[in-house]
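Chemist: the following block contains a protein sequence and its predicted model.
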Amino acid sequence: MEVIFKRTTGLTGVPFHYCPGCTHGIIHRIIGEVMEELDIIEDTIGVAPVGCAGFSLDLFSCDFVGAAHGRAQAVATGIKRALPDKMVFTYQGDGDIAAIGTAHAIHVAARGEKITSIMVNNAVFGMTGGQMAPTTLAGQITTTSPYGRDCALSGPPIDLPKTIATLEGAVYVASVAVDCPKNIFAAKKAIKKAFQVQQLGLGFSLVSVLSTCPTNWGLSPVDSLKWLQEKMLPIYQMGELKIPEEVKAL
Amino acid sequence: MKKVLMKGNEAIAEAAIQAGCKLFFGYPITPSTEVVEYLSKHLPKAGGTVLQGEDEVASINMCYGAATTGTRVMTATSSPGFSLKQEGISYLAAAQLPVVVVNVNRAGPGLGGLGPAQSDYFQCTKGGGHGDYRLIVLAPSKSQELYDFTMEAFDLADKYRNPVLILADGFLGQMMEPVEIKERLRVELPPQDWVVGGCRGREKRKIVSYSLTNEIGEANCLQWQAKYEEIQKTEQRWEEFYTEDAEYLVVGYGTCGRIGKSVVLNARKLGIKLGLIRPITLWPFPEKGFAPFKDKIKGIVTVELNAGQMIEDVKLAVECRMPVYLCNRQGGMMPSENEVLAFVAKVFDLSLVREA
């Protein structure tokens, strides 16, 4: 019988460790498919963060390096400078890239480092049990904002892709979501373009993916998707924030 | 052989180029800045890249990334910057990555001062970052050694898959001395069958430092400790000076080792049987060098640019069988040889008047 659908070769088949309803799995699959379609699995080195995706090293079929919390982009810089002909990407949560790793997030873009970063934004620190992140929404209840995020105390949420898009070295910046099939297709297109930008050596590419965390949000998987749509989508600027002419044509 | 007059920091940089270092990630900080400056000028001509990181943390993590590919890589800094690198160094040790790190020690704590110091001894030899790990720590005492040790540090790092530290001080880094520019010795090194770089034609590889279970954690720790034991067995280095008939010893590393030699020569002129042990590896500490003197020596003076740090290792090495005193200056100050000799005479009740 003809096989019409199978797991992408970009993933190893090791079972995902993520909580039920978490969208990390969808994002992993997208990246696996993109690597397979671009035929770059054997030429790619991924860099994993500290956080829920810290064990993603086992899930992707390519070589992988685990970085310290927030340092994935600095580590990726070292790899890319050593092996400029290889594909290098980081996979980081919002806590990793937009809190402790912010300095690297800014400078990797400023240098136009020819790597790709995938930022997974679920508005909390997931691995440690749902603490406030820089991306936590105003009024959102977390274990470290038990009365809701007070913007007078902690400031409003940071929209990192918007900031990164202002830097000349960042050539492709997109913000997508994986809440419904339509958006998942758009997310895949964006992630594929981000990898192609790197293949073409154009500069730094970043895709932010709005994601869910049912466990720490205290919501069912279905309600989590609704929460993402109703609460997160209006706050974060969505779509392709920056796209070079060469990539528009792809 | 060609000798060139150069600053200690430049000797480190030139040695790195000769050793085949292809990547340098750093951040300027006095008194180590000439390392990144020299390499910025010369490494690109040798086919390498110098990238100035946004901070020390980035620089050491860039080294981590480069090292996962098996490329020879180095960073250099001074004390406050070395503190910032500790997180990354702990990860390097855990992931067993060969990186050469240079610390040109200046006075601390805090921002401290720009003068030479040895106040980072504990931090450099006992870990520094979190967890139970060791660096191989080489302590040069002159520009030629800065050159030679840096060059060898790359081989040691590759041999043991471990970060190696060159611990100098502001005095050594800034001093100009003639240096013989030697070519790299070809030594046999283990195959790089662990590096990442794309899994074409082989199984995928991963380089990580986490242990998912306590059982794995213990197994990893035992593996690291076995490696450290092997290094302790095979890599202890020290220099002896007038030790054969010595009744007393001065012990100092780096700049203090040089001062110690003058102290010994001056003491000998006065008939005092003083010798010197200069530790070259600070980790592993050269306990073997002290072993023969455990029952022969009446007392030891350590000469240090800190509040007394190496003295603890000296006391352990001689099992506290004789009195060990500290002669020190701090905050960037340097003891003179007369000052040290007067201290030796005082603590051991020796006459500084020439014997008839």
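Modeler: Nice, thanks for sending it over.

Chemist: enumerate the residues of chain A near chain B.
Modeler: Contact residues, chain A versus chain B (Cβ under 8 Å from any Cβ of the partner chain): A:12, A:41-45, A:47-48, A:54-55, A:57-58, A:60-68, A:71, A:74-83, A:86, A:103-104, A:106-107, A:111. Any C-beta I mention is one placed from the backbone N, CA and C, and that applies to glycine too.

Chemist: ok, the one residue in chain B that gets nearest to chain A - how many residues close by?
Modeler: The nearest approach of chain B to chain A comes at residue B:65, 2.5 Å away (Cβ to the nearest Cβ). Around residue B:65 there are 33 other residues, counting by other Cβ atoms under 10 Å in any protein chain shown.

Chemist: so what pLDDT did it get?
Modeler: Listed pLDDT for residue B:65 reads 98.

Chemist: now the helices for the chain?
Modeler: Picking chain A for this. A:24-37, A:72-82, A:94-95, A:102-110, A:151-154, A:160-165, A:181-199, A:214-217, A:221-227, A:245-248 (DSSP state H).

Chemist: hmm, no, I was thinking of chain B.
Modeler: Under DSSP H, chain B gives helices at B:8-18, B:33-42, B:56-67, B:79-84, B:86-95, B:121-125, B:143-160, B:170-174, B:214-234, B:255-269, B:287-290, B:310-317, B:337-347.

Chemist: out of those, indicate the one that is most buried.
Modeler: Ranked by mean neighbour count under mean count of other Cβ atoms under 10 Å in any protein chain shown, these are led by helix B:56-67, which reaches a mean of 30.

Chemist: what's the angle from that helix to helix A:102-110?
Modeler: Angle of helix B:56-67 versus helix A:102-110, following axes from the mean of the first three to the mean of the last three Cα atoms, to 10 degrees, is 60 degrees.

Chemist: show me which residues of the stretch 201-350 of chain B sit near chain A.
Modeler: Applying Cβ under 8 Å from any Cβ, we find that the stretch 201-350 of chain B lies next to chain A at B:201, B:204, B:205, B:206, B:207, B:208, B:209, B:210, B:212.

Chemist: neighbour count and pLDDT added to those, as TSV?
Modeler: Shown next, in TSV, are those (neighbours: other Cβ atoms under 10 Å in any protein chain shown; pLDDT from 0 to 100):
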residue	neighbour count	pLDDT
B:201	6	94
B:204	20	98
B:205	19	98
B:206	18	97
B:207	24	98
B:208	18	94
B:209	19	92
B:210	15	91
B:212	12	86
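
Chemist: ok, back up a step: contacting residues around the residue of chain B closest to chain A?
Modeler: Residue B:65 is in contact with A:47, A:65, A:67, A:74, A:75, A:76, A:77, A:78, A:79, A:80, A:81, A:82, counting by Cβ atoms under 8 Å, 6 or more residues apart in numbering or on different chains.

Chemist: what does residue B:134 give?
Modeler: Applying Cβ under 8 Å, 6+ apart, we find residue B:134 in contact with B:93, B:127, B:162, B:228, B:231, B:283, B:284.

Chemist: and the least confident of those residues?
Modeler: In terms of pLDDT, the lowest of the contacts of residue B:134 is residue B:127, showing 92.

Chemist: burial check on residue 211, number of neighbours?
Modeler: With no chain named, the answer covers chain A. Residue A:211 has 25 neighbours, counted by other Cβ under 10 Å.

Chemist: wrong one, I was asking about chain B
Modeler: 14.

Chemist: quick one: low-confidence parts of the chain?
Modeler: You didn't say which chain, so I picked chain A. By pLDDT under 70, chain A contains no weakly predicted segment.

Chemist: my bad, chain B
Modeler: B:355-356.

Chemist: tell me where the longest strand sits in it.
Modeler: Identified as the longest strand of chain B according to DSSP state E is strand B:100-107.

Chemist: and that strand, which strands flank it?
Modeler: strand B:73-77 (parallel), strand B:113-116 (antiparallel), strand B:164-169 (parallel) (DSSP bridges).

Chemist: minimum distance to residue A:26: which of these has it?
Modeler: strand B:73-77 (36.2 Å; Cβ to Cβ).
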